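Engineer: with the input below, show me the fold.
(one chain, ligands or ions: 1)
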Amino acid sequence: MATMPRGRIVGTGSAAPKKILSNADLEEIVDTNDEWIVRRSGIQERRISSKDRNETTTDLATQASRNALDMAGISPDKLDMIVAGTVTPDRQFPSAACMVQESLDAGNAAAFDVSAGCSGFLYALSMAHNAIQCGTCKTALVMGVERLSTILNWEDRGTCVLLGDGAGAVVLTAEKGDNGILSTHLRSDGSLGNLLYSSEGKSSLPEILDCVEQKSFYLEMEGNRLFKRAINCLTSIAREALAHNAMCEADIDNMIPHQANLRIIQATAKNLKISMDKVYTNIHRYGNTSSASIPLAMDEANRGGHLETGANILLVSFGAGLTWGASLLKWTM
Ligand code: UT7
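Structural biologist: Next comes the predicted model:
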């Protein structure tokens, strides 16, 4: 039987809003302090987007995508599929992916969004990789993009200090051989959806006026209850990915985790016996950008020369849904 192709990343890109909001700036907005934020989360600053600066979800995703396509040397009309992981599209519909399809003029691509909270990028990557394996797609653009600042309650110090805006994208091409995406692994537990949610505004849109009055469109999070679960889920799904590929923890050259909290990342790395110098983090500069965090970190790691040819790279994420996931890649570019 002919071996199935796999998706290989041939270009990465990212985009971040210009405005930097530091912990000191936040001290002016809510009852918080730099020491608490850094000690509990590792975050020093985050980016905040503005539509007045052309930093909508579509703008950020388009810029990240163009950067990835340029690196890949692939023109947008070659794309068969565009998948965006996001919970903050510019509109309920059309999808963010369709809006990016239009702005890139990617006339041959199917386009759709995936809503999986902070795991949105890994879910999107998995959809595109599976389509490549089935032979229904040869070239795909996969994005993670968020403007979480638009759904934050700036009076809630428990959430507004943690999140930020940004976008990351990768271009995948179908390839036979041993390089590229080795596997993807996805999980969910909807019974714990109430630990992290934004309540109103979708099919409840007719009640939008009540919603505005009750401020119920804001992101709500029980961070403390998520914390331990995040570490357990990230550890177990990483082990599943390793076992699936007959690898052990020592085989991992780089880990690029979802950037929710530095302590979660450190605890997961410790469980997996992966030294922190193999783990790429940029949470101190961007905060938690949800589905954008992995592709944004991957693009920085790639452009910074941190990812070597032949490296085994572990991606892991955890977020609203609850959802969590992992992917193992053999890197070449
Ligand atoms: O992206 C994927 C999903 N998200 C996550 O996985 C996030 C997981 N959770 C976390 O990252 C952490 O739980 C947080 C960073 C959200 C919070 O850290 P924590 O160590 O779990 O703190 P806590 O929520 O237990 O709060 C401890 C104290 C509380 O005060 P009391 O009740 O002990 O007096 C809070 O009121 O810290 C207080 N607090 C703050 N103080 C200063 C909460 N937020 C702040 C703040 N500044 N911004």
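
Engineer: just give the nearest non-adjacent residue to the residue in the chain that the ligand sits nearest to, would you?
Structural biologist: For the chain, the residue closest to the ligand is G223, as judged by C-beta to the nearest ligand atom, at 2.6 Å. Any C-beta I mention is one placed from the backbone N, CA and C, and that applies to glycine too. Leaving out its chain neighbours, the residue that sits closest to G223 by C-beta to C-beta, 6 or more residues apart in numbering is G158, at 6.3 Å.

Engineer: picking that back up, any idea how far the residue of the chain closest to the ligand lies from S188?
Structural biologist: 19 Å (C-beta to C-beta, to the nearest Å).

Engineer: again, but for D156
Structural biologist: Relative to S188, D156 is positioned 26 Å away (C-beta to C-beta).

Engineer: check V142 too.
Structural biologist: Distance of V142 to S188, given as C-beta to C-beta: 19 Å.

Engineer: who has more neighbours, these two?
Structural biologist: V142 (30 against 16; other C-beta atoms under 10 Å).

Engineer: where does the residue nearest to G223 sit: helix, strand or coil?
Structural biologist: Of the three states, G158 takes helix according to DSSP: H, G, I helix; E, B strand; the rest coil.

Engineer: now A111
Structural biologist: With three-state DSSP as the criterion, A111 reads strand.

Engineer: all numbers from here: first residue = 45
Structural biologist: In the new count, where the first residue is 45, that last one comes out as A155.

Engineer: thought it was touching A141?
Structural biologist: Yes: contact criterion C-beta atoms under 8 Å: A155 and A141 qualify, at 3.8 Å.

Engineer: more neighbours: which of these two?
Structural biologist: The residue with more neighbours, out of A155 and A141, is A141; 30 against 21, by other C-beta under 10 Å.

Engineer: quick one: which helix or strand includes the more buried one?
Structural biologist: Per DSSP states H and E, A141 falls inside helix 140-148.

Engineer: what do you get for A108?
Structural biologist: Secondary structure from DSSP H and E places A108 in helix 101-116.

Engineer: contact partners of that helix?
Structural biologist: Here helix 101-116 makes contact (C-beta atoms under 8 Å, 6 or more residues apart in numbering) with 54-61, 93, 119-120, 126, 128, 130, 132-134, 140, 143-144, 147-148, 185, 187, 189-191, 209-215, 217, 339-340, 343.

Engineer: before we move on, the earlier item: what touches both of A155 and A141?
Structural biologist: When C-beta under 8 Å, 6+ apart defines a contact, the residues bordering A155 and A141 alike are I126, V127, A128.
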